[in-house]
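Student: Below are the sequence and a predicted model; questions follow.
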Number of protein chains: 2
Amino acid sequence: MSTRFSEHATRDMTAVDEAVDTGLLRQVPLLAGLEDDLLARLVPICSSIMVAEGEQIAGQGEQCEYAFMVLSGQVALVNVAPNGDTAVVEVIHPGEQFFLSTVLSGLSLLVSAQAVAPARLLRLEAAGIMALLPSQPALTSALLRAGAMDFRSMVRQVCDLKLRTTAQRLGCYLLSLSTSENANSVALRLPFDKRLLAARLGCRQENLSRAFAALRSVGVETHGSRVILHDVARLRDYAVPDAPAEAGLA
Amino acid sequence: MSTRFSEHATRDMTAVDEAVDTGLLRQVPLLAGLEDDLLARLVPICSSIMVAEGEQIAGQGEQCEYAFMVLSGQVALVNVAPNGDTAVVEVIHPGEQFFLSTVLSGLSLLVSAQAVAPARLLRLEAAGIMALLPSQPALTSALLRAGAMDFRSMVRQVCDLKLRTTAQRLGCYLLSLSTSENANSVALRLPFDKRLLAARLGCRQENLSRAFAALRSVGVETHGSRVILHDVARLRDYAVPDAPAEAGLA
């Protein structure tokens, strides 16, 4: 698989779009539970930036000085192997963060980050966070927890890749897009194109087409990016998603 | 895949084998760089335990109060899906740790841990670590870094699973066992049985046999657990392992 999702170089990220206040910080689940005093100390080391679709936020191998939290839009984390093969490690959604544990530890980036839809990001200075830690145990706990959650999410993906077929992985992904708990029939729209979906699932595009075809027998109908799940219970039986309690802790 | 690696229940881990001192703590890379004063504060919350082959150290879904560091032996981290399918997420080697970020965040275990060879472990009380953090910024940094490394290792495995064939993954694994940097011919012994190796690579045992057969054409000869790599350079070209600089940061 040799797919590029961005033709842009890393840009100078100066496009700050508006002032950051504690209300904006509270939109991020990782920060939402912190006390006002602590949030007020975070404000000076945060800024809010806009990134265009296709734009690279930071490149693999770089030393990045910032952690990012997605306020809106979507960001793909992409690893390019020595031979040029490209893996989409994860697609980061609003409310989630990326680079946090890596930049706090001063490690170089193992993945590049690219906006796959126009995105608004909260950008936090790693050095500023580290300076706050000794006096702010609640921040330390929040960061350790965020790291633990990121780790869990990768563990879950490793299990997914080891145990499930491509069609099952696609089924689990479609089920994760369905927000209505109880409905047995759901119409939804894929949040990004099928090329990116294939790379996120870890398959070639022709295998993704085969996986969609396989899911037809369990009531999955597709028209471009529109997908209808006609029988959620049957799709669940087929794809065997993680238990909701576990998935909720991702 | 439905494989069990342990028939034992979680045991009462009271088999403390000897007193812990700062010298023992320094054997663990994560702790080796910490100052004597800090290590002395860790001693009272650490103990050293022996675990028999096949024994379960802690079970999936449990709230565990300890993080563990492997002093000798090997520990498999195993996730069982709702339908009973079993994935070996990782095999932990001497010098490496497990459960750290999860137990510091008070999350339930996503994987069980089982000794796959007789193991000696350093066991750290999570509550004791958390109590030390506010006064010990160096410990906070070490823990954040350990979490970042664990995360990287899972990211690398996700990329591995998305980009490489089973034969390539097996090739990368065999190359990782070879410690001699420059030799082009290496004899080595698999550190665990092929059932566990297949589960770690994320394939069925018959696919592992096929992968070994495929590697014959690039100079890999096997006799049970003994493996000879006749042409390391050719195997590298075939398996495309991660760049050493990146792998070293795992």
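Tutor: Cool, the structure landed.

Student: alpha carbons only for contacts and neighbour counts from here, please
Tutor: Noted.

Student: Could you pull out the buried residues of the longest helix along chain A?
Tutor: As assigned by DSSP state H, the longest helix anywhere in chain A is helix A:137-163. Residues of helix A:137-163 classed as buried under the neighbour-count rule (16 or more other C-alpha atoms under 10 Å in any protein chain shown) are A:137, A:139-163.

Student: cool, stretch A:206-217 as well?
Tutor: A:208, A:211-212, A:214-215.

Student: what does stretch A:144-152 rub up against?
Tutor: A:30, A:100-101, A:249-250, B:101-102, B:104-105, B:110, B:144, B:147-148, B:150-151, B:154 (C-alpha atoms under 8 Å, 6 or more residues apart in numbering or on different chains).

Student: same thing with stretch A:216-234?
Tutor: Contacts of stretch A:216-234 (C-alpha under 8 Å, 6+ apart): A:175, A:183-191, A:193-194, A:212, A:235, A:238.

Student: Can I get that stretch as CSV, trimmed to CA atoms?
Tutor: Taking Å, rounded to 0.1, in the frame of the first residue of the first chain, the C-alpha atoms of stretch A:216-234 are listed here in CSV:
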residue,chain,number,x,y,z
ARG,A,216,-24.3,-7.1,2.1
SER,A,217,-25.4,-10.5,3.4
VAL,A,218,-25.8,-9.1,6.9
GLY,A,219,-27.9,-6.1,5.7
VAL,A,220,-25.3,-3.4,4.9
GLU,A,221,-26.3,-1.3,1.9
THR,A,222,-23.9,1.3,0.4
HIS,A,223,-24.3,4.2,-2.1
GLY,A,224,-21.1,6.0,-2.2
SER,A,225,-20.5,7.5,1.2
ARG,A,226,-24.0,6.8,2.4
VAL,A,227,-24.4,3.5,4.3
ILE,A,228,-27.6,1.9,5.6
LEU,A,229,-27.4,-0.8,8.3
HIS,A,230,-30.6,-2.7,7.9
ASP,A,231,-30.1,-5.1,10.7
VAL,A,232,-27.7,-3.9,13.5
ALA,A,233,-28.2,-7.0,15.6
ARG,A,234,-27.1,-9.2,12.7
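
Student: pLDDT of that stretch, averaged?
Tutor: The pLDDT scores in stretch A:216-234 average 94.

Student: just the strands in chain A please.
Tutor: Assigned by DSSP state E, the strands in chain A fall at A:16-18, A:46-51, A:56-58, A:66-80, A:86-92, A:97-98, A:112-125, A:186-189, A:220-223, A:226-229.

Student: ok, of those, where does mean pLDDT dip lowest?
Tutor: strand A:16-18 - the lowest mean pLDDT of those, at a mean of 66.

Student: Just give the closest residue to the residue lying farthest from the centre of chain A, not the sequence neighbours.
Tutor: In chain A, residue A:135 marks the outermost C-alpha relative to the chain mean, sitting 30.1 Å out by C-alpha atoms, centre = their mean. Computed as C-alpha to C-alpha, 6 or more residues apart in numbering or on different chains, the closest residue to residue A:135 that is not its neighbour in sequence is residue B:134, at 7.1 Å.

Student: hang on, the earlier thing: next, the angle from the longest helix of chain A to strand A:86-92.
Tutor: Relative orientation of helix A:137-163 versus strand A:86-92 (axes from the mean of the first three to the mean of the last three C-alpha atoms, to 10 degrees): 130 degrees.

Student: can you tell me how far the spatially most central residue of chain A sits from residue B:202?
Tutor: Closest to where the C-alpha atoms of chain A average out (C-alpha atoms, centre = their mean) is residue A:92, at 1.6 Å. Residue A:92 is 25 Å from residue B:202, where distance means C-alpha to C-alpha, to the nearest Å.

Student: same thing with residue A:65?
Tutor: For residue A:65, the distance to residue B:202 - C-alpha to C-alpha - is 35 Å.

Student: Which one's more surrounded, the two?
Tutor: Neighbour count, other C-alpha atoms under 10 Å in any protein chain shown: between residue A:65 and residue B:202, residue B:202 has more, with 26 against 19.

Student: The more buried one - nearest residue in space that isn't next to it in sequence?
Tutor: Nearest residue to residue B:202 in three dimensions, chain neighbours excluded: residue A:162, at 4.3 Å (C-alpha to C-alpha, 6+ apart).

Student: Does at least one residue of stretch A:169-178 sit close to chain B?
Tutor: No. With C-alpha under 8 Å from any C-alpha of the partner chain as the criterion, chain B is not reached by stretch A:169-178; the gap is at least 12.2 Å.

Student: who does residue A:97 bridge with?
Tutor: residue A:69 (DSSP bridges).

Student: Does it touch residue A:68 like I think?
Tutor: Yes. At 5.5 Å, residue A:97 counts as touching residue A:68 under the criterion of C-alpha atoms under 8 Å.

Student: Can you give the domain ranges for chain A?
Tutor: Annotated domains of chain A cover A:16-161, A:164-248 [automatic domain parsing].

Student: What are the buried residues along stretch A:188-202?
Tutor: So for stretch A:188-202, counting by 16+ other C-alpha under 10 Å, buried means A:188, A:195-202.

Student: In helices, which of those residues appear?
Tutor: A:195-201.

Student: Which two among these are spaced furthest apart?
Tutor: A:195 and A:201 (10.1 Å; C-alpha to C-alpha).

Student: Which pLDDT does the model give the residue nearest to residue A:214 when sequence neighbours are not counted?
Tutor: Distance criterion C-alpha to C-alpha, 6+ apart; nearest residue to residue A:214, sequence neighbours excluded, is residue A:167 at 6.6 Å. Residue A:167 is assigned 96 on the pLDDT scale.
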